[in-house]
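# pasted the sequence and its predicted model underneath.
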Amino acid sequence: MESGQLPMSTLPGGFDLQSTLESGQSYLWWRADGGDYDDEPPYGGDAWYCTTTRATGEPAAVRVRQRDGVIEWESTVDAEPVLRDRLRLDDDLDAIRAATPDDPLVEASFDAYRGMRLVRDPPFASLISFICSAQMRVSRIHAMQQSLREAFGDPIAVDGETYHAYPTPERLAAATEAELRDLSLGYRAPYVKRTAEMVADGNDPGAMEGEPYEAARESLTRYVGVGEKVADCVLLFSLGYLQAVPLDTWIRKTIGEYYPDCDRGNYADTSQAIRERLGGEYAGYAQTYVFHHLRHGGEVEQRA
């Protein structure tokens with residue numbers, strides 16, 4: 001195993017690993033201690049988090065934690081470039097915050113979770129994980145991804161422990177619907193299989209990065225089981241469209257309570273209105289902070 005450290009003082013705007021990985025952005029990391037994301041405090045912990053990567057071509061395991069002002073990592077490869085990419089460590093959070101609107105709820109959210117960053121997950125794995133996320137608790141979504149890894153992912157032996165890489169599109173495409181249902185995917189099983197088939201046939205979701213935002217969202221909805229909300233999640237948490245605002249139940253509730261004038265009665269127009277209200281270019285950052293803040297009981301004295 002290789003290991004290394006990154007001083008958090010070198011990261012513009014700071015860093016908080018726990019809120020980054022436990023704020024509903026990613027289902028591709030898991031806590032080594034088995035902690036339940038639904039019950040743990042939402043900020044500042046020092047637990048180890050694990051994931052896998054194919055950044056060097058072959059599957060590799062990565063472990064990371066933060067404590068005493070540093071980010072510590074252990075991996076079967078040099079993980080620093082992987083972590084910089086996957087955890088967006090080069091984002092200037094101070095500049096991003098300065099670009100968001102002077103809004104009491106947004107300000108309270110940034111204050112509560114200073115250092116939370118967006119993730120940049122691999123496109124195919126992000127797509128499948130968000131297809132699996134519909135109407136499920138966070139812990140169950142994570143369990144589904146682990147089941148997919150163990151059933152169809154390449155094993156990675158590390159110090160007497162076995163990790164499993166996320167399945168390739170070809171391996172998931174070859175799975176039967178019955179096999180996927182046996183992993184408790186339920187009605188999502190045919191969606192996962194058909195989407196994997198599409199990607200294995202050459203329809204790479206990562207290839208649309210750089211398209212205009214609206215066109216990219218429309219392209220993602222061509223995958224089976226992907227609506228506008230799931231498409232926005234993939235755009236924001238994988239493909240770098242930092243203006244995307246996924247309209248899930250929490251954000252719709254937030255719109256109704258704090259920004260009712262942004263409710264336009266349909267997804268596309270409401271999405272555009274709330275993106276503009278949250279500052280446009282970095283609206284997805286503001287949304288993620290607000291989501292995490294309110295989901296954990298945060299309040300704001302004065303509403304926008």
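Thanks, I have the structure now. Nothing here was measured: the structure is a model prediction, and the numbers come from that model. Numbering: from 1, shown residues only.
# tell me which element Gly4 is part of?
According to DSSP states H and E, Gly4 maps onto strand 2-7.
# go through that strand and flag the buried ones.
Of the residues in strand 2-7, Leu6 count as buried by neighbour count, 16 or more other CB atoms under 10 Å. To be clear about C-beta, it is placed using only N, CA and C from the backbone, and glycine gets the same treatment.
# that strand packs against which elements?
strand 70-75, helix 80-86 (3 or more CB pairs under 8 Å, 6 or more residues apart in numbering; DSSP states H and E).
# show me the contact partners of the helix or strand that the last one is followed by.
The reference is to helix 80-86. Next in sequence after helix 80-86, counting helices and strands by DSSP H and E, comes helix 93-99. If you take CB atoms under 8 Å, 6 or more residues apart in numbering as the criterion, helix 93-99 is touched by 11-14, 110, 114-115, 117, 279, 281-282, 285.
# picking that back up, the strand holding Gly4 pairs with which strands?
Strand partners for strand 2-7, identified by DSSP bridges, are recorded as strand 70-75 (antiparallel).
# show me how far the strand it pairs with is from its chain's centre.
Relative to the chain's own centre, strand 70-75 is displaced by 20 Å; criterion: CA atoms, centre = their mean, to the nearest Å.
# cool, stretch 182-189 as well?
21 Å.
# next, the buried residues of it.
Quick answer for stretch 182-189 (16+ other CB under 10 Å): 183, 185, 188-189.
# next up, the contacts around Met198.
So Met198 contacts 222-224 (CB under 8 Å, 6+ apart).
# returning to that earlier point: hey, which of the helices and strands packed on strand 2-7 is tucked in deepest?
Of those, the one with the most neighbours on average (mean count of other CB atoms under 10 Å) is strand 70-75, at a mean of 20.
# for Val64, list each beta-bridge partner.
Going by DSSP bridges, Val64 forms beta bridges with Tyr49, Trp73.
# what's near enough to touch it?
Taking CB under 8 Å, 6+ apart, we find Val64 in contact with 17, 48-49, 71-74, 79, 83.
# distance of it from Gln18?
11 Å (CB to CB, to the nearest Å).
# so where's the stretch 1-150 of the chain uncertain?
By pLDDT under 70, the low-scoring segments of the stretch 1-150 of the chain are 36-41.
# where along it do the strands fall?
With DSSP state E, counting those that start in this stretch as the criterion, the stretch 1-150 of the chain has strands at 2-7, 30-31, 49-53, 60-67, 70-75.
# may I have the first one exported as PDB, CA atoms only?
So the one you mean is strand 2-7. Provided in PDB are the C-alpha atoms of strand 2-7 (Å, rounded to 0.1, in the frame of the first residue of the first chain):
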ATOM      1  CA  GLU A   2       1.200   3.500  -0.800                       C
ATOM      2  CA  SER A   3       0.300   6.300   1.500                       C
ATOM      3  CA  GLY A   4       0.500  10.100   1.700                       C
ATOM      4  CA  GLN A   5      -0.900  13.300   3.200                       C
ATOM      5  CA  LEU A   6      -2.300  16.600   1.900                       C
ATOM      6  CA  PRO A   7      -2.300  19.600   4.200                       C
END
